[in-house]
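S.K.: everything below, folded, please.
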Amino acid sequence: MSGDRLECNHERSSAPRRMQECRVQRDISSDSTKVVAGCFHFHGSIRLFDIRTGTQLLPPISHPCVAGVKFSPNGSHFAAASDDCGVRVYSTHDGKSLLWPGHPMASNCS
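M.R.: Model (predicted):
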């Protein structure tokens, strides 16, 4: 991912090693119009893109240690699970968090 567009580059990156080691988790909406991607890194983030144009649809959402992302069946929300076992649910319309650690419906390992 680069800037505000989703780019696919199969060449070896010249980015610093710590950036190359970022594991990206991703999911595609059921209508195949959006892709959500999250980076497993201490300073990780989640990004939402339009599949046809590659344009970023929301500003990056800060969410460290993303272990997985998944769209809701209708594509209006997505969930992100972090390595600390917390789960947050976000709106695809504005990026607002709908569930967070400590919320009665949120998952947490503790």
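
S.K.: report the secondary structure state of the closest residue to P59 other than its chain neighbours.
M.R.: Distance criterion Cβ to Cβ, 6 or more residues apart in numbering; nearest residue to P59, sequence neighbours excluded, is G95 at 6.8 Å. C-beta here means a position set from N, CA and C on the backbone, and glycine is covered the same way. When classified by DSSP: H, G, I helix; E, B strand; the rest coil, G95 comes out as coil.

S.K.: so after the helix or strand bottoming out on mean pLDDT in the chain, what's the next helix or strand?
M.R.: In the chain, no helix or strand scores lower on mean pLDDT, DSSP states H and E than helix 17-20, which sits at a mean of 42. Per DSSP states H and E, helix 17-20 leads on to strand 23-28 as the next helix or strand towards the C-terminus.

S.K.: partners of that following strand in the sheet?
M.R.: Sheet pairing of strand 23-28 (DSSP bridges) gives strand 34-40 (antiparallel).

S.K.: contact partners of the strand it pairs with?
M.R.: 1, 6, 22-29, 44-51, 57, 63, 65-69, 71, 75, 78, 80, 83, 92 (Cβ atoms under 8 Å, 6 or more residues apart in numbering).

S.K.: using ChimeraX, define a selection of the buried residues within those residues.
M.R.: ChimeraX command restricting those to the buried ones, with burial defined by 16 or more other Cβ atoms under 10 Å:
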select :1,6,22,25,27,29,44,45,46,47,48,49,57,63,65,66,67,69,71,75,78,80,92
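
S.K.: what's the neighbour count on K96?
M.R.: Using other Cβ atoms under 10 Å, K96 has 10 neighbouring residues.

S.K.: hang on, the earlier thing: from the contacts of strand 34-40, which ones fall inside strands?
M.R.: 23-28, 45-50, 66-69, 71, 78, 80 (DSSP state E).

S.K.: so, low pLDDT: which residues of the chain?
M.R.: 1-22, 41-43, 85, 99-110 (pLDDT under 70).

S.K.: make it 50
M.R.: 1-20, 107-110 (pLDDT under 50).

S.K.: what about S32, neighbour count?
M.R.: Residues near S32, counting by other Cβ under 10 Å: 10.
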